[in-house]
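Asks: With the sequence up front, the predicted model follows.
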Amino acid sequence: MAFIRPYKPSDFEGMSHICRETLNPALLPSIPGRRLAPYVWTHQYTHLSPATCFVVDDGSGRPVGYCIGCPDIAAFVAAYDSYTTQVLDPSPEVTRPDDLELKEPLFLPDGSVNAVVLSRLAYNPHLLLVDGNADLLAEYKATMHIDLLDEYQGQGWGKQLISRFVESIRDVPQRDGGVSKGIWIGVAGDNGKVVPFYEKQGFKIKQRPVESKTYFMVREF
Ligand SMILES: CC(C)(COP(=O)(O)OP(=O)(O)OC[C@H]1O[C@@H](n2cnc3c(N)ncnc32)[C@H](O)[C@@H]1OP(=O)(O)O)[C@@H](O)C(=O)NCCC(=O)NCCS
C-alpha cells in the first residue's frame, strides 16, 4: 500500500522519472527539456534540503510522487555551490554553460527549447529563483514543487504531501533572522488547470501571467 515518507538518496532516478513524466506541456516534447528538467526543478531541493522533501512510496520503495522544496530561499542560494559541484558537474546529462549570467528566452523562435538556457537555470539559482522576484521574496521565503505520476493523481496524495511539506518548514528559522510569511510558487501559464488545486490547499494568486507567462501563487503558514 502506498504511503508518504521522507526522500532518500536512492530515490534520485525515481525523482527524475516523475519530473519528466509530469513536465508542463510546452517542455514535454523536447528531448533536452526532458533530460535537463530534473536538474532545474527537482534535484537541488533533494540535495540541499532533504529534510523538507517527501515522496509517495508505492509500497515497494518506488517514489511515484513528491512534494519538495526549501524553507529559506536565501539560505538555499547561499549553499548552491554544493549542488553544482556534487550533482551538476559530475552528471553526464548536464553541460556547464559558458556564460552563467546571460538572460535569454527559454524557447527559440521555432518554438523548440533552448537547452543552454535550461542548463543555465540549473547552474544559476539567481536566474531560477531570485531575479525579478524581489517583492515575493521579501515576504514569502519558502518555495516548493509537487508532482505525481498519472495513476496516483486524484486520490488525495497531493493534499497530504503539501500538509507534510508545510509541517516540515513552518518552524525553520530564517538564515538572516527575518520572518517568512509562507510559500511562493510559480505555475506555468499553460498549466493553469492546476490553479484550483492550489487554491484548495490555501494558495492565492499573487500575480497572473503577463510577460513572465507564469502564475505566481502564495500561501501563508
Ligand atoms: C496537481 C497535483 C499535484 C494535484 O495532486 P492530486 O493528488 O491529484 O490532488 P488531490 O487528490 O490531493 O486533490 C486535493 C483536492 O484538490 C482537488 N483538485 C485536484 N486537482 C484539481 C483540479 N485540477 N481542479 C480542481 N480541483 C482539483 C481535489 O478534488 C481535492 O478536493 P477535495 O479536498 O475537496 O476532495 C497532481 O494532479 C499532479 O501531480 N499533476 C501533474 C503535475 C503538475 O501539474 N504539478 C503541478 C506543477 S505546478
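Replies: Yes, it's here.
Asks: Show me the helices in the protein, by range?
Replies: For the chain, the helices defined by DSSP state H cover 12-21, 31-41, 43-48, 73-78, 80-83, 115-123, 125, 134-139, 157-169, 195-200.
Asks: can the last one be found next to the ligand?
Replies: Yes: counting by Cβ under 6 Å from any ligand atom, contacts between helix 195-200 and the ligand involve Pro196, Phe197, Lys200. Glycine gets a C-beta too; all of them are placed from N, C-alpha and C.
Asks: Now, of the residues you listed, which are buried?
Replies: The neighbour count (16 or more other Cβ atoms under 10 Å) marks Phe197 as buried among the residues of helix 195-200 next to the ligand.
Asks: Tyr7: which of the residues of helix 195-200 next to the ligand is nearest?
Replies: Comparing the residues of helix 195-200 next to the ligand against Tyr7 with Cβ to Cβ places Phe197 closest, at 21.7 Å.
Asks: So for the closest one, what's the nearest residue that isn't a sequence neighbour?
Replies: Closest residue to Phe197 apart from its sequence neighbours, by Cβ to Cβ, 6 or more residues apart in numbering: Gly158 at 6.4 Å.
Asks: ok, so what distance separates the one you found from the ligand?
Replies: From Gly158 over to the ligand the distance is 2 Å, taken as Cβ to the nearest ligand atom, to the nearest Å.
Asks: Leu28 against Arg34, yeah?
Replies: Yes: between Leu28 and Arg34 there is a contact at 7.2 Å, judged by Cβ atoms under 8 Å.
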